[in-house]
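Enquirer: Here you go, sequence then predicted model.
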Amino acid sequence: MPANGTHLPPSPSHEAGRMAEVSNKLAIVLLSGGMDSCVTAALAAQSYRLAALHSDYGQRTEAREHRAFEQIADRLGIEQRLVIDQRYMTSIGGSALTDRGIAVPTESLHAEGIPVTYVPFRNAHFLAAAASWAEAIGAEAIFIGAVEQDSSGYPDCRPEYYRVFNALIDAGTRPETKIQIETPLIGLSKAEIIRQGAAVGPRSISPGPATRKRTSLAASVTVAPCA
């Protein structure tokens with residue numbers, strides 16, 4: 001540190017050494033662009049090369065989420081990215097996030113019961129796509145920013161859900177395929193996630209935009225609305 005107490009940016013040699021410490025193993029991170037997925041990606045980047053998966057499922061906030069996805073992936077230096085079209089979820093309906101006929105509530109965030117912003121079985125759609133891509137590109141892990149604290153309102157955030165989904169992946173992929181779902185935030189509170197992100201960010205984030213490999217996948221699925 002200089003005598004005046006200011007911090008200098010890492011030297012190129014220091015940065016190269018840090019990157020060399022990252023495992024050559026590949027993992028997929030489900031990156032919505034929100035806080036939980038951002039912190040999850042920063043944590044995963046400490047141990048894996050990352051490929052980032054983002055879903056457009058017809059959510060009201062997709063434009064902003066997609067912009068954040070690109071910015072976070074740039075900041076973390078993630079080259080391989082896949083944006084999937086899962087807007088068939090708007091045909092399934094049942095959520096204020098995907099059905100503009102259902103109002104987004106403005107009351108307390110701590111209301112009891114399943115909120116109207118719950119998208120029925122949403123994370124299964126994300127994980128199925130991630131597992132398919134992981135097997136195709138040889139990824140060994142799938143990172144998702146699920147938080148158990150949210151599970152009273154969002155049942156697909158429970159640890160048991162991911163234990164069962166890991167077994168499903170094991171049963172439904174090639175014998176030599178080994179893919180593990182990782183949920184590094186599952187037991188944390190929102191305050192702890194913020195602290196974790198503040199602590200890990202400077203060590204995980206590399207400067208400058210990435211040279212990106214963009215992939216686009218459109219799902220041609222027709223689903224009848226629920227009865």
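Expert: Cool, got the structure. Residues are numbered from 1 along each chain as shown.

Enquirer: Apart from its neighbours in sequence, what residue is nearest residue 187?
Expert: Using CB to CB, 6 or more residues apart in numbering and skipping residues adjacent in sequence, the residue nearest residue 187 is residue 148, 6.0 Å away. Placement of C-beta: from N, CA and C, glycine included.

Enquirer: Helices of the protein, residue ranges please.
Expert: With DSSP state H as the criterion, the chain has helices at 12-21, 35-44, 62-76, 89-92, 122-137, 159-172, 190-204.

Enquirer: can you state the direction angle for the second one and helix 62-76?
Expert: When axes from the mean of the first three to the mean of the last three CA atoms, to 10 degrees is applied, the directions of helix 35-44 and helix 62-76 differ by 20 degrees.

Enquirer: Could I get the buried residue list for helix 35-44?
Expert: Buried residues in helix 35-44, counted by 16 or more other CB atoms under 10 Å: 36-44.

Enquirer: ok, of those residues, which one's closest to residue 54?
Expert: residue 37 (9.0 Å; CB to CB).

Enquirer: Residue 115 is nearest to which of the helices of the chain?
Expert: Set against residue 115 and scored by CB to CB, the helices of the chain come closest in helix 122-137, at 12.8 Å.

Enquirer: Now do that closest one: which elements does it pack against?
Expert: Counting contacts by 3 or more CB pairs under 8 Å, 6 or more residues apart in numbering; DSSP states H and E, helix 122-137 packs against strand 26-30, strand 49-56, strand 80-85, strand 141-143, helix 159-172.

Enquirer: Deepest in the core, which of the ones you listed is it.
Expert: Across the helices and strands packed on helix 122-137, averaging neighbours per residue (mean count of other CB atoms under 10 Å) puts strand 141-143 on top, at a mean of 26.

Enquirer: quick one, what contacts the residue most central in space within the chain?
Expert: Nearest to the mean C-alpha position of the chain, counting by CA atoms, centre = their mean, stands residue 30 at 2.5 Å. By CB atoms under 8 Å, 6 or more residues apart in numbering, the contact set of residue 30 is 37, 40, 53-55, 126-127, 130, 142-145.

Enquirer: okay, the residues you listed in TSV with distance to residue 198 next?
Expert: As requested, the contacts of residue 30 are arranged in TSV below (distance: CB to CB, whole Å):
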residue	distance to residue 198
37	16
40	14
53	25
54	24
55	27
126	26
127	28
130	27
142	25
143	19
144	21
145	16
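
Enquirer: Could you point out which of those residues is nearest to residue 63?
Expert: Of all the contacts of residue 30, residue 63 sits closest to residue 54, with 12.2 Å by CB to CB.

Enquirer: which residues does the closest one bridge with?
Expert: residue 83 (DSSP bridges).
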